[in-house]
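>>> give me a 3D structure for the following:
(one chain, ligands or ions: 2)
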Amino acid sequence: MELTLVGVFPPTEGSKRSAPETEPIASKRSKKPKQSPETAQAMTGNEPTQATNKFKPRRGEPPVWANTRQQINDALEWFHCMQGGAAHKDTKCTGFLVDGDNGDRSFMSDEVIITRIGGDCLKDNLNGNLNLKHDQSPNSVIAKSVMASHREQKPVGLVIGSKNQLLKVEIPHRYCVMDWFLITNVWMEKMGKYAGFRIRFEKLDLSTKGWWTEQGSDEPLPSRKVNRPPPERVCRDCGESSLQVYRKPGWMCLTRSCPRFWKFGNNEPTDLEYHPHFLNYRHPRGPDILNPGPLADLVDRNIEPSEGLADREEWRGIVCPHCRKCIQRVTWDAWDCSNDVKQGPQETCCYKVVRKMREISLQTVLERPKPYSRAQCSIEPVIDKDSLKPYEVRTYEMPGVGSITHFVSNAAINERPNGPNHLFSQLQKLDLGLRRYPLGSAQVPGTLTCHFAVNYGVPYKYVVSVDSKAFSDAPAEILTALTRLSWATEKAVTRVGGQYQPPNELLALGYFEQMKIGFHDDGESGLGPTIATLSLGTRSRMFLRMKAKYYLGISKNGIPTTDDPVLPGCLEEEERRPLLEAFKAGQITKKQYIEKLKALLVKKKGNAPSFLTLVLQHGDLIVMHGAGLQKYYEHSVHPDNGLRFALTSRYIESRDEEDLRKGAFTLQDNQIYDGQ
Ligand SMILES: O=C(O)CCC(=O)C(=O)O
Ligand SMILES: [Fe+2]
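Ligands and ions are numbered 1, 2, ... in the order given. Just a heads-up that it's a prediction; the model follows:
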């Protein structure tokens, strides 16, 4: 098969023509070429956008669809991509989304799509369009992966989003899988001030019409229309060959480094019209193109065993064999088509696969731990092996901020009745109601957490819209964990001279293989300054770092942090401290302080490195104490591969009687933990 790459790399020797033409082709033409059905449909890509009442009847239905990005991401292995248009795997582009803003000159016909490669853009506040902020680099991951799939003729799965304005038919769901396509051309064009990549896709299977075409629309174009490639010319300045993408104004050099790049005569083009051969040409399908197989696996998972493990496969999404929606694993024990944060009003599918967990032995999750490089630690702990024996207690003091106390467990503690081993086994058998919730701070709405959670006691912000369960209705194991957490909280707080407040809330998190909790803080108004966590199951690492706004001293939008305490280890600490002191002493005004901070910190970006990494083993307890730890710092936890539970308790202030009732509990004598 012959696929053409134009305007990006110098073509190979063989593809250069010896005698470049001197005049642009189009200027020699006197007669306007006849438009093919395809070009008549959308010649420039700037046609009016579709209005709801103008939709034409659609030929078919999408083979797979989804309401959120994460649903497709979870269910289709060729579309692992939460942001941006292009999904890639092993340095090749595997999937591509064509949604709202595809840029000027976007084009879509039944079999050909021309769009741009996303990224490197800023949003125009006036019209919401995305504009390039600099030239796109051929070395970006996305450009390289697109070029690799083009070069290797690797079919790419296309997904269309309902914000797309180029189709004449209604797109029935927010995201709909189209079909496999080939990337036939990748080239550069000027888009506003800067140059970016454009990409042409061609439907792989030309023998059938896509579901997105108009009912009764023409069958595939006759061969005389599709076997004429667009003209190609060699630039007299740079000697590189470029295809003629545009009939109007005519041929232009598409080599970015050439002085004649994107110029017709001496000017940049203003009025562009695609060359009909560029749109209509269908690249011959050679024997090298590998059949990518079905777009999705449509197996009914109910024919499989009803018990599962906690491995990665178990929480991948599946495609509903009834309605073809991508279903996420939202609850601990089921794939359920009706369980969807963004369900549409017409959705009635009740397909469900119940998967109880087969008990996983502690031994299997504890064996073969991953090798770690030395844990990062810029604070030396005070180690106490005696006073709370058999625990070893490591205290990390952060003056003015708080402290972190790590109770290191061991086999003797873990094996005791009602101890960590017993809890790990029991939590697998109980129906705790663990589920993934939408992330409040997600950049992509509808994104679910990468772990399961359930809240007991006084409601906590984590479970935004969902009620917490009362401790009086909780299984005994939850109270058993709570008493251990209360014990650790009291010991840790009193050791650093703090005031102990018994916890009244417990958040249980469950992690399957490759799940984690990203950087966050546990701060909430009314939240006490102490947070205790019991780790069960596979080993994990807890990372702590300064929040970016305190580390950099400036927000992402370039606004200086005015409540900046200038924490030890922050960026430009030596310059920021005297500035803060001068401001506090009234030597400079707030305005001057902000201006000086801006001048010092403008362009600072990125995240703080972790200053503390704690390795949490089965049975260990961690207590974070001090409101400053949640205000200025954030933490994340990455379990090794395997099953893990984390039970975290806090004290939450509330005046709501119902909430307080949920947080009340009574313990039997044998439930009280004595530290053994
Ligand atoms: O999994 C863990 O150990 C941490 C849990 C956590 O950070 C939280 O519940 O807020
Ligand atoms: Fe947390």
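
>>> was I right to think residue 378 contacts residue 611?
Yes. Between residue 378 and residue 611 there is a contact under C-beta atoms under 8 Å: 4.6 Å. C-betas here are computed from N, CA, C, even on glycine.

>>> more neighbours: which of these two?
Neighbours were counted for residue 378 and for residue 611 using other C-beta atoms under 10 Å; residue 611 has more, 20 against 11.

>>> and that one, how far is that from ligand 1?
According to C-beta to the nearest ligand atom, to the nearest Å, residue 611 stands 17 Å off from ligand 1.

>>> neighbours around the single nearest residue of the stretch 301-450 of the chain relative to ligand 1, how many?
Closest approach between the stretch 301-450 of the chain and ligand 1, counting by C-beta to the nearest ligand atom: residue 449, at 10.5 Å. Residue 449 is flanked by 20 other residues according to other C-beta under 10 Å.

>>> also residue 331?
Counted with other C-beta under 10 Å, residues neighbouring residue 331 total 17.

>>> is there a neighbour count for residue 481? I'd like the number.
25.

>>> phi and psi next, for residue 657.
phi -60, psi -40 (degrees, to the nearest 10).

>>> roughly how far apart are it and residue 664?
10 Å (C-beta to C-beta, to the nearest Å).

>>> and for residue 488?
On the measure of C-beta to C-beta, residue 488 and residue 664 end up 21 Å apart.

>>> list the contacts of residue 350.
337-338 (C-beta atoms under 8 Å, 6 or more residues apart in numbering).

>>> any idea how far it is from residue 325?
Taking C-beta to C-beta, one finds residue 350 at 12 Å from residue 325.

>>> give me the phi and psi angles of the nearest residue to residue 471 once chain neighbours are set aside.
For residue 471, ignoring the flanking residues on the chain, the nearest one in space by C-beta to C-beta, 6 or more residues apart in numbering is residue 665 at 3.9 Å. The phi/psi pair for residue 665 (degrees, to the nearest 10) reads phi -150, psi 160.

>>> then the one 5 residues further on?
Taking degrees, to the nearest 10, you get phi -80, psi 0 for the backbone angles of residue 670.

>>> residues near it, how many?
By other C-beta under 10 Å, the residues close to residue 670 number 8.

>>> equivalent analysis for residue 342, please.
14.

>>> host element of it?
Using DSSP states H and E, residue 342 sits in no helix or strand.

>>> please verify my assumption that it contacts residue 70.
No. Using C-beta under 8 Å, residue 342 makes no contact with residue 70, being 9.8 Å away.

>>> what touches both of those two?
With C-beta under 8 Å, 6+ apart as the test, residue 342 and residue 70 both reach residue 446.

>>> which one's more surrounded, residue 657 and residue 664?
Comparing residue 657 with residue 664 by other C-beta under 10 Å, the one with more neighbours is residue 664, at 12 against 8.

>>> neighbours around the closest residue to that one other than its chain neighbours, how many?
Nearest non-adjacent residue to residue 664, counting by C-beta to C-beta, 6+ apart: residue 471, 6.6 Å away. Counted with other C-beta under 10 Å, the neighbours of residue 471 add up to 22.

>>> many thanks, have a good one.
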